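> need a 3D model of the sequence below.
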Amino acid sequence: MENATYIALSRLDTEQRAMSVVANNLANASTAGFKGEQVLFSDYLSRQSASGLPPGGDIQSYTQDRATFRDTTQGEFQQTGNPLDVAIGGDGYFQIRTDHGVRLTRSGRFERLTDGTISDESGNAVLDTQGNPIRLNPTDHSVTITSDGTIETETGIAGQIGIVTPADENRVHQEGGKLLRAEGQTTAVAAPKLMQGALEASNVKAMTEMTRMMDIQRNFQFIAQFVESEATRQQDAISKIVQNQS
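All right, here's what the predicted structure looks like:
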């Protein structure tokens, strides 16, 4: 196999990775708090040591998948009227206690469990500023959440929603459409800006992602055709060599 085919295959591999990321973005275009992802590619340069190379032929450029990064742009706020729905303005994440440990999320679609615990849609407890689950009293019916996350009811203050930021945004990993796993420490946001009765929509622009997907498909098809034509050319060359030697 010639180097041209290897170079083309490296691009095919990265295009396939890009398609997977775009497909995941589209699948979560309506997921509250979801942040779209993009891939970062770069050139991997390989110097050739053979003699008699044509001008410019001493370097080969392969496509390399460097990283996937999240777009942390604020999504639009959508009014819901549900007193337990909360949107974060600016930086920060809610803390959710799951069976696998504490996770972060921007999705503030919360509900009340039978024991009064405020949880996400999967039943995972929402944590306060001390890292403890927030529970309402059985007699609490009127719930007010202030901009700093303080939860007030007719019986008093039930707690304060903890909002944190990870030490390194580049070390935050997606787990499904809503949860994030942060490596390292998190820091409490000193002055969070929360809005009750609203949700932050996904920041994915469906039309933009569809356009990106079509571009990736065209590139993939073009490169695949090139690889196929190269394979045919090599097979024809081998056949001619065998014929000449027979």
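
> and the gap between the residue nearest the centre of the chain and Val21?
Nearest to the mean C-alpha position of the chain, counting by CA atoms, centre = their mean, stands Glu37 at 4.3 Å. Glu37 is 5 Å from Val21, where distance means CB to CB, to the nearest Å. (Glycine included, C-beta is placed from N, CA and C.)

> try Thr146
Separation of Thr146 from Val21 (CB to CB) stands at 37 Å.

> show me which of those two is the more surrounded one.
Neighbour count, other CB atoms under 10 Å: between Thr146 and Val21, Val21 has more, with 18 against 14.

> contacting residues around that one?
Contacts for Val21 (CB atoms under 8 Å, 6 or more residues apart in numbering) come out as Glu37, Gln38, Val39, Thr68.

> swap in Thr186?
Contacts of Thr186 by CB under 8 Å, 6+ apart are Tyr93, Gln95, Leu104, Val164, Thr165, Pro166, Ala167.

> could you work out the most separated pair of those residues?
Gln95 and Ala167 (14.5 Å; CB to CB).

> more neighbours, the two?
Using other CB under 10 Å as the criterion, Gln95 and Ala167 rank with Gln95 on top: 22 against 13.

> got a list of what that one touches?
Val102, Arg103, Leu104, Val126, Leu127, Gly131, Gly162, Val164, Thr186.

> ranking by neighbours, what's the top pick from these?
Using other CB under 10 Å as the neighbour criterion, Val126 leads those with 24 neighbours.

> correct me if wrong: that residue contacts Ile161.
Yes. Judged on CB atoms under 8 Å, Val126 makes contact with Ile161 at a distance of 6.5 Å.

> so what sits against both of these two?
Common neighbours of Val126 and Ile161 (CB under 8 Å, 6+ apart) are Phe94, Ile134.

> so where do the helices sit in the protein?
Under the criterion DSSP state H, the chain carries helices at the ranges 3-27, 206-245.
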